[in-house]
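Undergrad: Take a look and give me a structure for this.
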Amino acid sequence: MFNSSKQKTPPISTYEDEAQKVVTLIGAGATCDGAFSARDTTRIDGTINGPVHIEGSLIVGQSGKVNGDVTAQNVFLAGEITGNIDCNSGKLEVSDSGKLVGDVTTKSIVIDENAIFQGRCTMTTDINSATQAKERAAATVESDNK
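TA: Coordinates of the predicted model:
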């Protein structure tokens, strides 16, 4: 009765959730020239000049800068990113101090007032519940007519 066999999609992470799970930290004043990758949630307060690939979430602090394309599950931006962002199954959140110059592919986006975003945004979607309900109803009507 209480054990449902339906798979539930995990909730989209928030900045507060991810900040508690930071595994990798690039501190203020640190500079990384070249490609950077990490498995888990990463916070950047320094500068990275090159592409960034994070399997978890990426947090770019107010003093953080990324000059290159970014791929991550979720991106929380309070600093600067100059490059394209791909978080097509997650969330992009740009705070009021954030600056993004580049194109974005994401499932969910939040841009605070006074944030800067110059680029294009492509939204990815899963089939939502309304669409699923319509498809089920159409399939039921079709099977009833047979």
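
Undergrad: Pick out the residue nearest the middle of this protein.
TA: Geometric centre of the chain, nearest residue: Asn74, 2.6 Å, by Cα atoms, centre = their mean.

Undergrad: can you list the weak-confidence ranges in this structure?
TA: Scanning the chain for pLDDT under 70 picks out 1-20, 126-133, 141-146.

Undergrad: can we see that at 80?
TA: For the chain, residues meeting the criterion pLDDT under 80 lie at 1-21, 125-146.

Undergrad: where do the helices sit along it?
TA: Assigned by DSSP state H, the helices in the chain fall at 15-19, 129-144.

Undergrad: Grab the nearest non-local neighbour of Asn114.
TA: Of all residues not flanking Asn114 in the chain, Asp96 sits nearest, at 4.4 Å (Cβ to Cβ, 6 or more residues apart in numbering). Every residue, glycine included, has its C-beta placed from N, CA and C.

Undergrad: now swap in Cys121 and tell me
TA: Closest residue in space to Cys121, ignoring its immediate chain neighbours: Val104 at 4.7 Å, by Cβ to Cβ, 6+ apart.

Undergrad: distance of that neighbour from Asp112?
TA: For Val104, the distance to Asp112 equals 15 Å [Cβ to Cβ, to the nearest Å].

Undergrad: The two: who's more crowded?
TA: For Val104 versus Asp112, the count of surrounding residues by other Cβ atoms under 10 Å is larger for Val104: 23 against 13.

Undergrad: So what are the sheet partners of the longest strand seen in the chain and their directions?
TA: Scanning the chain for the longest strand, with DSSP state E as the assignment, gives strand 85-94. Partners of strand 85-94 in the sheet, by DSSP bridges, are strand 70-71 (parallel), strand 74-77 (parallel), strand 104-111 (parallel).
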